[in-house]
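Q: fold the following.
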Amino acid sequence: MGVKMKIDITDMIEHEDGSATFNFDIDSSTLKMLASEKLKEIIVAAAKNISEKEFDPISDHKVTI
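A: Numbers count the residues shown, from 1 in each chain. Have a look, this model is predicted:
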């Protein structure tokens, strides 16, 4: 059985430039799952960024993604 997620669009504002702003209603378990997955992506991206260059922990105290 799959994971149930609750994501509802509660509002959409269309802008003159063609873009739009959305508001969502998300239950807490869905929010935790989405945050966890995004955190994994950030960690992997940071690790790839570090592995592509020589990492110097003294001068490279910040990781930019």
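
Q: where does pLDDT dip in this protein?
A: Residues of the chain meeting the criterion pLDDT under 70: 1-2, 50-65.

Q: show me the strands in it, by range?
A: 7-14, 20-26 (DSSP state E).

Q: turn those into JSON lines, including distance to residue 45 and mean neighbour count.
A: Backbone N, C-alpha and C define where each C-beta goes, glycine included. As requested, those are arranged in JSON lines below (distance: least, C-beta to C-beta, whole Å; neighbours: other C-beta atoms under 10 Å):
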{"stretch": "strand 7-14", "distance to residue 45": "24", "mean neighbour count": "9"}
{"stretch": "strand 20-26", "distance to residue 45": "23", "mean neighbour count": "11"}
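
Q: any idea how far the residue at minimal distance from the centre of the chain is from residue 15?
A: In the chain, the C-alpha nearest the mean C-alpha coordinate belongs to residue 38, at 4.0 Å (C-alpha atoms, centre = their mean). Distance, residue 38 to residue 15, using C-beta to C-beta, to the nearest Å: 25 Å.

Q: can you check residue 42 too?
A: 28 Å.

Q: adding distance to residue 33 as columns, could you present the strands of the chain in TSV?
A: Compiled in TSV, these are given as follows (distance: least, C-beta to C-beta, whole Å):
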stretch	distance to residue 33
strand 7-14	11
strand 20-26	10
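
Q: my guess is residue 13 contacts residue 21, does it?
A: Yes - counting by C-beta atoms under 8 Å, residue 21 is a contact partner of residue 13 at 4.6 Å.
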